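**Student:** Sharing a model that was predicted from the sequence below.
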There are 2 protein chains.
Amino acid sequence: MARFFNVFSLRNLLVLSLALNVSLILRVLYEKDSEVMNGLCLDKKRETLMATDSVPSEAQATETVYLSMPSFSSSSTADSNGGDRIINLDHGDPTMYERFWQQAGDKSTIMIPGWQSMSYFSDAGSLCWFLEPEFAKEIIRLHKRVGNAVTKDRYIVVGTGSTQLYQADAVEPLSVVSASPYYSSYPLITDCLKSGLYKWAGDAQSFNREGPFIELVTSPNNPDGYVRQSVVNKSGGILVHDLAYYWPQYSPIDAVADHDIMLFTVSKSTGHAGMRIGWALVKDEEVAKKMVKFIELNTIGVSRDSQLRAAKVLQVVTDGCEYPTSLRSLFDFAAHLMEERWKLLRAAVRQSSLFTLPEFSPGSCGFLNRSFEPRPAFAWLKCEEPIEDCEGFLRSNNILTRSGKHFGVGPHYVRISMLDRDETFYIFVERLSTIHLRQSRQVNETGE
Amino acid sequence: MARFFNVFSLRNLLVLSLALNVSLILRVLYEKDSEVMNGLCLDKKRETLMATDSVPSEAQATETVYLSMPSFSSSSTADSNGGDRIINLDHGDPTMYERFWQQAGDKSTIMIPGWQSMSYFSDAGSLCWFLEPEFAKEIIRLHKRVGNAVTKDRYIVVGTGSTQLYQADAVEPLSVVSASPYYSSYPLITDCLKSGLYKWAGDAQSFNREGPFIELVTSPNNPDGYVRQSVVNKSGGILVHDLAYYWPQYSPIDAVADHDIMLFTVSKSTGHAGMRIGWALVKDEEVAKKMVKFIELNTIGVSRDSQLRAAKVLQVVTDGCEYPTSLRSLFDFAAHLMEERWKLLRAAVRQSSLFTLPEFSPGSCGFLNRSFEPRPAFAWLKCEEPIEDCEGFLRSNNILTRSGKHFGVGPHYVRISMLDRDETFYIFVERLSTIHLRQSRQVNETGE
């Protein structure tokens, strides 16, 4: 890491910190949502923002119903595949996890007295003054238990996931790359928030420009779920490892990740998207300090309430691993659910014969003590010929997904969230399995 | 407001939204802190961030002590004016309010079960999808009770206070002005985060450029506490009224504020700085929608946990006004404390004969049903001749303040937080009152 400080100026570090924030924010943006991003970018061009409505109306309805009445009943469910109900799997609100936390009951409840956490300072004496010490402790405890990342001699920097760090000006733009298919919001944010400081340089595999660069390595990858390594074969780069999905419910934990900068988020590990809390494990003190300075300037710390709640939630997760009770651990719960969902999805895909899915090799998981195939948080679905616009095709069947074109790949792919509530997921797979039949039937009935 | 949409493009609205965020973030930055800002700006020039430590070590120490042991004892208090203890009143952590909330007890405690607020959506069907309905309800209830702002037919937009909206590029910069003395971080943020979109145009009173502009009207004003009105005498401007201090503990509430865009924050009204929650009351639906879109893109909503807690805290405040108990209402508590502190400060200033303070005319407060002089959250202290560098002079007496030069005024002024904990404040006034004597004594003792 020491070489960073010979090679990189503050400007570059800004970008590094930016990269952290990009990655954190992108985790948030997964759910909420590239439509908005697209809307904004497009709208910028035509100087109006009002054309797109980021929240599909049906999603609003279920959300509201659910919030006031936590059950899976839905008045709009007409038949086994949900009638005409719109199934929104574009953004990936991890509501699948609600059931676990309902079962977990009171032990995950947090109480915050009115007089607590009033000051801005969480831990004024520490390097990251806005990091709640209790949260830091639970982060370390969880990583140690799961064995998915080195925490020894690492600095923890908490973030809310924000893009402010794009802002600074710079003489020469710094290239930001990621191997395709890459997360759809990377180029969108880059293009929306042109700062002159960095420049989206596209697919890391074909990157051959001169000068310093940042490579974002998302592993397991969003959207396709594959394990990844850095692909740029050049020196002078900063590697940021986005390990949001490197948890046993999604991926066999086959090694303790040991990179210079590693990013995680509560949203995908415990399902608490509304907290919008992420953290970085950083090897080099100077890098960590600079990240803190930038997050301090740009987000001025992170909600203390959410951090306290995150600490409690992580504590329950780790306790559940260490002291088994009648209630399964979060990872058992989610691993079981993801396994079941992927089975159902693969069965539906086979039945429809219109789609294909990535295939994964099994890996040995040191945490769950067994070998299994990855079951990613997103399904990277391909529509087969003659369907060219997979997103449009699914949309005509009231299934909202995110087109492959946003990920640096063609429109014959879509990304589908696997983390929605049970009811939504079951309607989705049921509908997917019968799309071919239904469409044939419709064609026959209308005499076309 | 309708004319906005003839006059202003999306780019301009970006700046409007930016202005909202500036103001919200600035409330946060009050406390934490222009040193950092200065540090960053300076450091940018010399390409290193490590030179400044934003958190004075003494403040760290007391903070840590307090968090673990909520009492006002301090091991470092050697004599009646705190010995050599550094009194940091530069940033204004509103810790004065902790005592009220300790007395308020359990009714201000919030419980959040693990399964709650997991989704990103607070109220998916509403204009501001990331605004917790309960928080919105309590905002309206509080404003109605206090009578400080119109809420009828207004849209509420919640914000975390962030600067991301500075980011977008633009062909022509838009001028942002505020009458001096203006809040110190306006120009700093503007200069640090050059976006090409807007340009800090300095003192609103001398602003005479062509083209659209934003005028930030902070009333009562930070740093000097005076009530303000718009001063730019031109059409084509957007007025953003920052009413963070328009609460009865600081200012007589003599009218129901009725502006197009009004900003408030929990930090200065209830003292919950760590929540970092602010809100805007917006007259025009289209303006509100665009603000939401930008906050959605840039902060992607606001911590749901903090909003839930803010709702609870506001509820307790309003209940305390409506159903008087043995416990004074927050406003009674804080108004009494501010009145007492200003009396002490004015007495100390008289005693030292080295300083002067602004004088305010009494106003009639419809809420507290009496007439009183404003008692601002900051004291705008002037050092008299021959002291030229007031900040440096006070620093040599271990009192940290913010120099007038950051507010568009000379170094003979400083801004001093009036919202610190009792112990800190009392040491401060005691020391201030004896500075002259002590300095004379020192001079005599050393024989100079």
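**Tutor:** Cool, got the structure.
**Student:** what about the strands in the stretch 301-448 of chain A?
**Tutor:** A:355-356, A:363-365, A:370-372, A:378-383, A:399-400, A:402-403, A:413-417 (DSSP state E, counting those that start in this stretch).
**Student:** just the ones you listed: most buried one?
**Tutor:** Most buried of these by mean neighbour count (mean count of other C-beta atoms under 10 Å in any protein chain shown) is strand A:413-417; its value is a mean of 27. In this view, the C-beta of every residue, glycine as well, is placed from N, C-alpha and C.
**Student:** Quick one: mean pLDDT for that strand?
**Tutor:** Strand A:413-417 shows an average pLDDT of 96 in the prediction.
**Student:** just stretch A:86-97 next, same as before
**Tutor:** pLDDT averaged over stretch A:86-97 gives 92.
**Student:** likewise stretch A:399-409?
**Tutor:** Here the average pLDDT along stretch A:399-409 is 91.
**Student:** so where's chain A uncertain?
**Tutor:** By pLDDT under 70, the low-scoring segments of chain A are A:1-81, A:160-176, A:178-199, A:294, A:297-299, A:437-448.
**Student:** quick check: domain ranges of it?
**Tutor:** A:4-33+A:114-322, A:58-103+A:329-445 (automatic domain parsing).
**Student:** Among those domains, single out whichever gets nearest to residue B:364.
**Tutor:** Residue B:364 lies closest, by C-beta to C-beta, to one member of the domains of chain A: domain A:4-33+A:114-322, at 31.0 Å.
**Student:** Next up, the contacts around the residue nearest to residue A:357 when sequence neighbours are not counted.
**Tutor:** Counting by C-beta to C-beta, 6 or more residues apart in numbering or on different chains, residue A:349 is the residue found nearest to residue A:357 once chain neighbours are left out, at 5.5 Å. Counting by C-beta atoms under 8 Å, 6 or more residues apart in numbering or on different chains, residue A:349 makes contact with A:355, A:356, A:357, A:381, A:432, A:433.
**Student:** can you rerun that using 7 Å?
**Tutor:** A:355, A:356, A:357 (C-beta atoms under 7 Å, 6 or more residues apart in numbering or on different chains).
**Student:** got the strands of the stretch 301-448 of chain A as TSV, with distance to residue B:219 columns?
**Tutor:** Listed next are those as TSV, based on distance: least, C-beta to C-beta, whole Å:
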stretch	distance to residue B:219
strand A:355-356	60
strand A:363-365	60
strand A:370-372	62
strand A:378-383	49
strand A:399-400	46
strand A:402-403	46
strand A:413-417	46
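**Student:** Can I get those strands in CSV including distance to chain B?
**Tutor:** Output for these, formatted as CSV (distance: least, C-beta to the nearest C-beta, whole Å):
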stretch, distance to chain B
strand A:355-356, 28
strand A:363-365, 25
strand A:370-372, 26
strand A:378-383, 16
strand A:399-400, 14
strand A:402-403, 16
strand A:413-417, 12
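**Student:** returning to that earlier point: any idea which of the domains of chain A is most buried?
**Tutor:** Greatest burial across the domains of chain A, using mean count of other C-beta under 10 Å, falls to domain A:4-33+A:114-322, with a mean of 22.
**Student:** could the domains of chain A go into JSON lines alongside distance to residue B:389?
**Tutor:** As requested, the domains of chain A are exported to JSON lines (distance: least, C-beta to C-beta, whole Å):
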{"stretch": "domain A:4-33+A:114-322", "distance to residue B:389": "26"}
{"stretch": "domain A:58-103+A:329-445", "distance to residue B:389": "54"}
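**Student:** where do the helices sit along the stretch 151-300 of chain A?
**Tutor:** A:185-192, A:266-269, A:285-298 (DSSP state H, counting those that start in this stretch).
**Student:** near chain B at all, the shortest one?
**Tutor:** No - applying C-beta under 7 Å from any C-beta of the partner chain, one finds that helix A:266-269 is not in contact with chain B, the shortest distance being 8.7 Å.
**Student:** nearest to residue A:150, of the strands of the stretch 301-448 of chain A?
**Tutor:** Nearest to residue A:150, of those and by C-beta to C-beta, is strand A:363-365 at 17.6 Å.
**Student:** So for residue A:352, what's the nearest residue that isn't a sequence neighbour?
**Tutor:** residue A:436 (4.7 Å).
**Student:** my guess is the one you found contacts residue A:353, does it?
**Tutor:** Yes - judged on C-beta atoms under 7 Å, residue A:436 makes contact with residue A:353 at a distance of 6.2 Å.
**Student:** Quick check: phi and psi on the nearest residue to residue A:322 once chain neighbours are set aside?
**Tutor:** Nearest residue to residue A:322, sequence neighbours excluded (C-beta to C-beta, 6+ apart): residue A:145, at 6.5 Å. Dihedral angles of residue A:145 (phi, psi; degrees, to the nearest 10) stand at phi -70, psi -40.
**Student:** For residue A:229, list the residues it contacts.
**Tutor:** Contacts of residue A:229 (C-beta under 7 Å, 6+ apart): residue A:217.
**Student:** How much space separates it from residue A:409?
**Tutor:** 19 Å (C-beta to C-beta, to the nearest Å).
**Student:** ok, the closest residue to residue A:351 other than its chain neighbours - contacts?
**Tutor:** Excluding the flanking residues, the one nearest residue A:351 by C-beta to C-beta, 6+ apart is residue A:433, at 4.2 Å. Residues near residue A:433 by C-beta under 7 Å, 6+ apart: A:348, A:351, A:352.
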